[in-house]
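Enquirer: I would like to see how this sequence folds:
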Amino acid sequence: MAIKPLGDRVLVKPLEAEEKTKGGIVLPDTAKEKPQQGRVEEIGSGKIGEDGKSVPFSVKKGQKILYGKYSGTEITYNSQDFLILKEEDILAIME
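Expert: Below you'll find the model as predicted:
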């Protein structure tokens with residue numbers, strides 16, 4: 001990966017939005033909700049604590065995560081969509 005986030009930021013590949021509802025109705029692109037799940041592609045160097053030491057990340061590369069609906073900054077790189085967000089915007093790790 002040629003993108004390396006800085007500090008406590010994480011590069012996330014959003015997972016695809018649902019194509020159908022639970023009842024089987026196919027959704028057009030305009031009706032799909034923004035995905036709130038993604039896979040961690042790259043992590044930054046870490047946050048620096050008040051004592052001057054690096055605080056380790058609680059997420060790892062390759063983990064599936066849940067993040068806030070309007071969190072982060074959307075970017076496009078090599079025709080792929082990514083999201084750069086702070087570690088504090090990650091709500092949960094999905095197993």
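Enquirer: contacts, neighbours, all on C-alpha from now
Expert: OK.
Enquirer: okay, now the unreliable bits of this structure?
Expert: Along the chain, the parts satisfying pLDDT under 70 run over 1, 17-22, 24-35.
Enquirer: tell me the bridge partners for the most centrally placed residue in it.
Expert: Geometric centre of the chain, nearest residue: Val12, 3.4 Å, by Cα atoms, centre = their mean. On the basis of DSSP bridges, Val12 is bridged to Val40, Leu83.
Enquirer: list the contacts for it?
Expert: Taking Cα atoms under 8 Å, 6 or more residues apart in numbering, we find Val12 in contact with Gly38, Arg39, Val40, Glu41, Glu42, Phe82, Leu83, Ile84, Leu85.
Enquirer: which one of those sits closest to Ile3?
Expert: The shortest approach to Ile3 among these belongs to Glu42, at 7.8 Å (Cα to Cα).
Enquirer: the closest one: neighbouring residues, count only.
Expert: 19 (other Cα atoms under 10 Å).
Enquirer: can you flag the buried ones in the contacts of Val12?
Expert: Neighbour-count burial (16 or more other Cα atoms under 10 Å) applied to these gives Gly38, Arg39, Val40, Glu41, Glu42, Phe82, Leu83, Ile84, Leu85.
Enquirer: a helix runs through Glu88, doesn't it?
Expert: Yes: assessed with DSSP: H, G, I helix; E, B strand; the rest coil, Glu88 lies in a helix.
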